[in-house]
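# I need the structure of the sequence given here:
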Amino acid sequence: MNASNITIVTAPVHYGKTSILLNWIKTKEGVGGILTPDINGQRKLLRLRDGQLFAFQVTKEDNHLPEECIIVGKYLFSKEAFQRAKLILKEDFNAKLPYILVDELGKLEMADKGLEPIISELIQRIKEEEQIKLIIVIRDYLLEDAIKKFNLEDASVIKLDETLSFTL
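Okay, here's the model as predicted:
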């Protein structure tokens with residue numbers, strides 16, 4: 001098993017993790033996975049393979065039924081968007097893209113919801129896949145618990161509160 005091809009990017013909430021990763025992506029070829037940028041006050045799902053944006057965060061005005069949404073604090077997210085994100089991650093892994101980025105492993109995944117079980121599957125499969133590097137965004141306050149839960153003890157950890165950039 002090889003966890004050296006897994007990197008965790010961590011920082012406090014609203015630190016700019018997604019923006020830093022968007023800049024990093026500009027320097028790389030073959031980046032797959034997802035980012036969830038805030039665009040005009042709404043979280044979007046960005047498919048990195050082709051730059052396509054999808055709705056992710058919804059509002060009460062969007063007329064979604066409660067069963068179509070996942071509530072995280074004061075935010076509502078589309079269950080359909082989580083399904084799309086899982087499919088993107090699976091497709092990008094199967095395409096053997098050199099980098100798979102996951103923004104983010106958060107409270108939902110810690111509770112076996114959200115992007116689970118795809119996150120666990122990706123971690124396991126990438127530990128066995130030498131050519132693919134997995135980059136996972138984890139908020140600083142969840143870092144230790146996430147490392148334990150997902151067996152990421154051997155992963156590299158980049159703390160963005162110490163640097164505004166990183167290399168892989």
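
# buried sites along the helix ranked longest in the chain?
Scanning the chain for the longest helix, with DSSP state H as the assignment, gives helix 79-94. Of the residues in helix 79-94, 81-82, 84-86, 88-89, 92-93 count as buried by neighbour count, 16 or more other C-beta atoms under 10 Å. The way it works is simple: take the backbone N, C-alpha and C, and place the C-beta from them, glycine included.

# can you check stretch 142-154 too?
By neighbour count with 16+ other C-beta under 10 Å, stretch 142-154 contains the buried residues 142-143, 146-147, 150, 152.

# and the longest helix of the chain, what does it pack onto?
Helix 79-94 sits against strand 31-35, strand 42-47, strand 52-55, strand 69-72, strand 99-105, helix 118-127, with contacts defined as 3 or more C-beta pairs under 8 Å, 6 or more residues apart in numbering; DSSP states H and E.

# which strands or helices does the fifth one pack on?
Judged by 3+ C-beta pairs under 8 Å, 6+ apart, strand 99-105 is in contact with helix 17-25, strand 31-35, helix 79-94, helix 118-127, strand 133-139.

# which non-adjacent residue is nearest residue 157?
Spatial nearest neighbour of residue 157, chain neighbours left out: residue 8 (4.8 Å); criterion: C-beta to C-beta, 6 or more residues apart in numbering.

# just residue 145 next, same as before
residue 110 (6.4 Å).

# please apply the same query to residue 108.
residue 114 (2.9 Å).

# pLDDT score assigned to that neighbour?
Looking at residue 114, its pLDDT reads 94.

# can you tell me the helix or strand for residue 97?
Element membership of residue 97, judged by DSSP states H and E, is empty: it is in no helix or strand.

# that one against residue 25, yeah?
No - the pair residue 97 / residue 25 is not scored as a contact, 11.9 Å apart, by C-beta atoms under 8 Å.

# shared neighbours, these two?
In terms of C-beta atoms under 8 Å, 6 or more residues apart in numbering, residue 97 and residue 25 are both contacted by the residues residue 31.

# pLDDT weak spots in this structure?
For the chain, the stretches flagged by pLDDT under 70 are 1-3, 63-66, 161-168.
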